[in-house]
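**Q** can't give you the sequence, but here's the structure:
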């Protein structure tokens, strides 16, 4: 039984196509797994451990998909809507008690300003090739135990919409995300021969789990449209 994101994703042929985008070369499962190992080493060297919360503020596209998958195999992810204003970012970052935030290199918008308020570790992401591949950079150093998240660790934190009161945190365990992805994969009868197209926002449960995680659970390929 699949209990973690790593269980879902690291079992597929390394040469199979994993994440793509229009007009770009495909990232393979082997490259995605190598990126995940690199991200874990980087986060541990920045003092981010398996139970620490990492906010991700990136535009839609393959790098956001790959960042979620890679970071969630090393820490707790908290993807946020990049269209938020500074006060909104400040609310969510404080509520999350985030330790770090991942932003596009060169970005100097409201998410960075809000991160400064709380002294978060700012990690800059630079997209490379193929689609979904990136490098990370920060000026913060630290040490954290090089352990992998377990089934009972939180993989993903989202907030309720806040239509009746202030938004509330919804933590999803590794086992929750793995089970949801497997259930959706089975419901859609996805196989490794399929190619999926994601046009959903990747700060939303449907994009993150119903599209990206379920596709990768099947060993299928998924193209993530930018913007």
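**A** Thanks, I have it. Computed from a predicted model, the values in this text were never measured in an experiment.

**Q** list the contacts for the residue nearest the centre of the chain?
**A** Residue closest to the average C-alpha location in the chain (CA atoms, centre = their mean): residue 68, at 0.9 Å. Residues near residue 68 by CB atoms under 8 Å, 6 or more residues apart in numbering: 56, 77, 79, 156, 202, 208, 212. For every residue, glycine as well, the C-beta is placed using N, CA and C.

**Q** Point me to the helix or strand that includes residue 15.
**A** Under the assignment given by DSSP states H and E, residue 15 is not contained in any helix or strand.

**Q** That one contacts residue 28, correct?
**A** Yes. At 5.7 Å, residue 15 and residue 28 qualify as touching, with contact defined as CB atoms under 8 Å.

**Q** Comparing those two, which residue is more hemmed in?
**A** Between residue 15 and residue 28, counting by other CB atoms under 10 Å, residue 28 is the more crowded of the two (20 against 9).

**Q** And the more buried one, how far from residue 156?
**A** 24 Å (CB to CB, to the nearest Å).

**Q** Just the helices from the protein, written as ranges.
**A** 5-9, 29-45, 62-72, 86-96, 110-117, 174-188, 205, 214-217 (DSSP state H).

**Q** hmm, who's touching the shortest one?
**A** If you take CB under 8 Å, 6+ apart as the criterion, helix 205 is touched by residue 158.

**Q** try the fourth one
**A** Counting contacts by CB under 8 Å, 6+ apart, the residues outside helix 86-96 that touch it are 53, 55, 57, 78, 80, 84, 101, 110-111, 113-115, 117-118, 120, 157, 159, 167, 169.

**Q** which among the residues you listed end up buried?
**A** Among these, the ones that count as buried by 16 or more other CB atoms under 10 Å are 53, 55, 57, 78, 80, 84, 101, 110-111, 114-115, 120, 157, 159.

**Q** Report the beta-bridge partners for residue 54.
**A** Using DSSP bridges, the beta-bridge partners of residue 54 come out as residue 77, residue 100.
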